[in-house]
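A.B. asks: model the following, please.
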Amino acid sequence: MLRFKTLVRVPRRQSSRFYSAQPMYANDHHNNNNDDDVQDQVLVDGRIKSRTAILNRPHAHNSLTHPMLARLKRLYESWEDNPDIGFVMMKGSAGCRSFSSGPDLLSLYRSLQQGNLQDCKDFYSTLYNFVYLQGTYPKPHVAILNGFTMGCGAGISLPGMFTIVTDKTLFSHPETQLGFHPDAGASYYLSRLPGYLGEYLALTGDKLNGVEMIACGLATHYLLKERVCMIEERLGQLNTDLSSVILNSLSQYADLVYPEKTSVLHKIDKIDKCFSHDTMEEIIDALENEARVSFDEFCSSALQKLKEASPLSLKVTLRSIREGRFQSLDQCLAREYRLSLSGISKRVSDDFCEGIRARLVDKDFAPKWDPPSLAEVSKDMVDCCFLPLDQVEPELELPTASREPYA
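C.D. replies: Residues are numbered from 1 along each chain as shown. Here you go, the predicted model:
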C-alpha cells in the first residue's frame, strides 16, 4: 500500500473555467444535431497546463452513452496531440452522487428491443477503444472517483496513471446480476487483484469502498470528499507534464487509511479457499461447505448473490477473468468485445435484455434466466460466447501497431 503524507490546507477553490471543444470539431463528421446535448454531458475545464473531462448526466448517475464516449475519445486524442497540455483529468460533475454508474442500460435495452443492434455494437466498439486509449495514454492522467463507480464507469477511469478515491466512493461490477459480464477492461484489472478477489468481485458484484480500493491496489490516493476541491485547485495550478510533480501534489493531500475490521478484504483467506476452484459448481459447493462449518454470514451472502445471477453469465465471467490473468489489455478487450456481441445479439441467450427488464424496466427483480440453472449451461454454450468473430462480423479494431499495449 502507498504511504501518504499529512493533509495540508490550500486556498479556497476559485471558480472553474469551462471551455467548449466545438472549434476543434466544427467539421467533424461525427457531429450531429445532438452536439449541444453531448457537450453539456461531457464538459471541459481548462487550466494552465491541464484539461479535465467532466461527466455531467446527474439525472442518470452519469451513465454513459455512445455520443458521450465518442466525445471523450475525440477530446483525449486532441489533448494528447496538444503540446500545451501536460496532463489530463476526469471526474463527475459537482453534486452528482456518481462518478459513473456504467453504461446507459435503458438506452441499450431500447435499441435492442427496436432491432437496432448496430447502435449497440458501436457503443461497445467505441467504449473499448476509449479504454485502450486510456490504458496507453502517454500523458499523466488523474481520475477522481468521488461517488458510485460501476461497470464501465470503472473501465474508463482505472487504466490511467492516478486514481483518487474518497469516503463517498463505491466500486462494483454488478454485470452478472444483469445477465452480462464485467467488461471495459475488467477482466484485465480484476484478474490482477490479490488472490482470487477478482473472481469474487466479478461473480458476486459485491462493492468496495474507497479505502478498500486503496488496500487492494485499484486506486492510488484516498482523501475525504471535503478536500476534493482542494486537490483539484492544486492540480489546476500546476504547470507541468511530469508525473513525479503530480504525484508529489497528490501525496501532500492524501490520507493514510486502513480497511475496517468488517471489510471483505479481511475475508481473503476464505475467498481464496472458495473462489480458487475451476468451476462454478465447485465454487458454490465450497461456499456451502464453508457456511455449514463456520456459520459465516459472508459465505451465505456470497451464495445468495450467486444464486441471483445469470447462470450463463457466471460461467462466462469465471472463464473471462481466468483468461484475463494471462493476457494483455488489448487481448482482454478483444475477448470482452466477443462476449459483449454474443450477449447483445442473443446468440446463446437473451439474459442481458432479461436482466435489464427485471431490474430496471419492470423492476420485478425476478429474471427468467435462460438456461435457468448452472447444470443446464453446457460447455458448448460457454465456448460459443468466446468464439472468434467471422468475416461478416469483424473483430474489435484497436490501434496496437501505433500504441504499445500493456504487457
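A.B. asks: against residue 149, how distant is the residue lying farthest from the centre of the chain?
C.D. replies: No residue in the chain sits farther from the centre than residue 293, which is 35.4 Å out by C-alpha atoms, centre = their mean. Distance, residue 293 to residue 149, using C-beta to C-beta, to the nearest Å: 35 Å. Every residue, glycine included, has its C-beta placed from N, CA and C.
A.B. asks: kindly report the same for residue 165.
C.D. replies: Separation of residue 165 from residue 149 (C-beta to C-beta): 8 Å.
A.B. asks: which one of these two has more residues nearby?
C.D. replies: residue 149 (34 against 31; other C-beta atoms under 10 Å).
A.B. asks: quick check: the more buried one touching residue 100?
C.D. replies: Yes. Between residue 149 and residue 100 there is a contact under C-beta atoms under 8 Å: 6.4 Å.
A.B. asks: find the residues that touch each one of the two.
C.D. replies: residue 157 (C-beta atoms under 8 Å, 6 or more residues apart in numbering).
A.B. asks: dump the C-alpha coordinates for stretch 84-94 into CSV.
C.D. replies: Extracted as CSV, the C-alpha positions of stretch 84-94 are listed here (Å, rounded to 0.1, in the frame of the first residue of the first chain):
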residue,chain,number,x,y,z
ASP,A,84,0.5,22.8,-24.4
ILE,A,85,-1.4,20.3,-22.4
GLY,A,86,0.7,18.5,-19.8
PHE,A,87,-1.8,16.2,-18.1
VAL,A,88,-5.4,15.2,-18.2
MET,A,89,-8.1,14.6,-15.5
MET,A,90,-11.6,13.1,-15.4
LYS,A,91,-14.3,13.5,-12.8
GLY,A,92,-18.1,13.6,-12.3
SER,A,93,-20.0,16.8,-12.1
ALA,A,94,-20.4,18.6,-8.7
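A.B. asks: list the buried ones in it?
C.D. replies: 85, 86, 87, 88, 89, 90, 91, 92, 93 (16 or more other C-beta atoms under 10 Å).
A.B. asks: what pLDDT does the closest residue to the first one other than its chain neighbours get?
C.D. replies: Leaving aside its sequence neighbours, residue 85 sits nearest to residue 79 (C-beta to C-beta, 6 or more residues apart in numbering; 4.9 Å). Residue-level confidence at residue 79 comes out at 97, pLDDT.
A.B. asks: residue 79 sits in which helix or strand?
C.D. replies: Applying DSSP states H and E as the criterion places residue 79 in helix 66-81.
A.B. asks: packing partners of that helix?
C.D. replies: The contact analysis (3 or more C-beta pairs under 8 Å, 6 or more residues apart in numbering; DSSP states H and E) places helix 66-81 against helix 35-41, strand 42-46, strand 50-55, helix 117-135.
A.B. asks: please save the CA atoms from that helix in CSV.
C.D. replies: Extracted in CSV, the C-alpha atoms of helix 66-81 (Å, rounded to 0.1, in the frame of the first residue of the first chain):
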residue,chain,number,x,y,z
HIS,A,66,-22.3,6.3,-27.3
PRO,A,67,-22.2,10.1,-28.1
MET,A,68,-20.5,10.7,-24.7
LEU,A,69,-17.9,8.1,-25.3
ALA,A,70,-17.2,9.4,-28.8
ARG,A,71,-16.8,12.9,-27.5
LEU,A,72,-14.4,11.6,-24.7
LYS,A,73,-12.4,9.8,-27.2
ARG,A,74,-12.1,12.8,-29.5
LEU,A,75,-11.2,15.1,-26.6
TYR,A,76,-8.5,12.8,-25.3
GLU,A,77,-7.0,12.3,-28.7
SER,A,78,-6.9,16.1,-29.3
TRP,A,79,-5.3,16.6,-25.8
GLU,A,80,-2.7,14.0,-26.5
ASP,A,81,-1.6,15.8,-29.7
